[in-house]
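Asker: I'd like to go over a predicted model; first the sequence, then the structure.
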Amino acid sequence: MRDYTDIRQLTPEIVNALIRRIEVHSKDKGTKKVKVDIYFTAVGLFTIPTETELRAAMDGIRQSPRKFTTSA
């Protein structure tokens, strides 16, 4: 997990390292929605940002987009 502390691009390798399994359930006949369960391997190793923190980060990116660009 320590290898993925500064993720700039989500790759299949990173997804495979962070997600143990994904379960897709049958469609609910009443609502026609499908339940998806995602089991992460790194639960507890990092904190998920709150909606307020995500919005603040997005605002920062919008104000200074060059600061957040990466090169391949």
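Answerer: Great, that's in hand. Numbers count the residues shown, from 1 in each chain.
Asker: Could you report the pLDDT at residue 37?
Answerer: On the pLDDT scale, residue 37 is placed at 92.
Asker: Ignore what I typed, I meant residue 43.
Answerer: Per-residue confidence for residue 43 comes out at a pLDDT of 65.
Asker: Residue 25 - nearest residue in space that isn't next to it in sequence?
Answerer: Closest residue in space to residue 25, ignoring its immediate chain neighbours: residue 35 at 4.2 Å, by C-beta to C-beta, 6 or more residues apart in numbering. To be clear about C-beta, it is placed using only N, CA and C from the backbone, and glycine gets the same treatment.
Asker: Show me the contact partners of the regular element (helix or strand) spanning residue 38.
Answerer: Take DSSP states H and E as the rule and residue 38 turns out to sit in strand 34-40. Applying C-beta atoms under 8 Å, 6 or more residues apart in numbering, the set of residues contacting strand 34-40 from outside is 18, 19, 20, 21, 22, 23, 24, 25, 26, 27, 28.
Asker: If you rank those by neighbours, which is first?
Answerer: Comparing the contacts of strand 34-40 by number of neighbours (other C-beta atoms under 10 Å), residue 18 comes first, having 17 neighbours.
Asker: pLDDT (mean, whole number) over stretch 49-59?
Answerer: Mean per-residue pLDDT for stretch 49-59: 89.
Asker: go on, stretch 14-24?
Answerer: Within the predicted structure, the mean pLDDT of stretch 14-24 is 87.
Asker: Kindly format the C-alpha coordinates of that stretch as PDB.
Answerer: What follows is stretch 14-24, C-alpha atoms only, in PDB (Å, rounded to 0.1, in the frame of the first residue of the first chain):
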ATOM      1  CA  ILE A  14      -3.300  -0.200  -8.800                       C
ATOM      2  CA  VAL A  15      -6.900  -1.300  -9.000                       C
ATOM      3  CA  ASN A  16      -5.900  -4.900  -8.600                       C
ATOM      4  CA  ALA A  17      -3.700  -4.000  -5.600                       C
ATOM      5  CA  LEU A  18      -6.500  -2.000  -3.800                       C
ATOM      6  CA  ILE A  19      -9.600  -4.100  -4.600                       C
ATOM      7  CA  ARG A  20      -9.900  -7.700  -3.300                       C
ATOM      8  CA  ARG A  21     -13.100  -8.500  -5.200                       C
ATOM      9  CA  ILE A  22     -16.200  -6.900  -6.800                       C
ATOM     10  CA  GLU A  23     -19.600  -8.600  -6.500                       C
ATOM     11  CA  VAL A  24     -22.400  -7.600  -8.900                       C
END
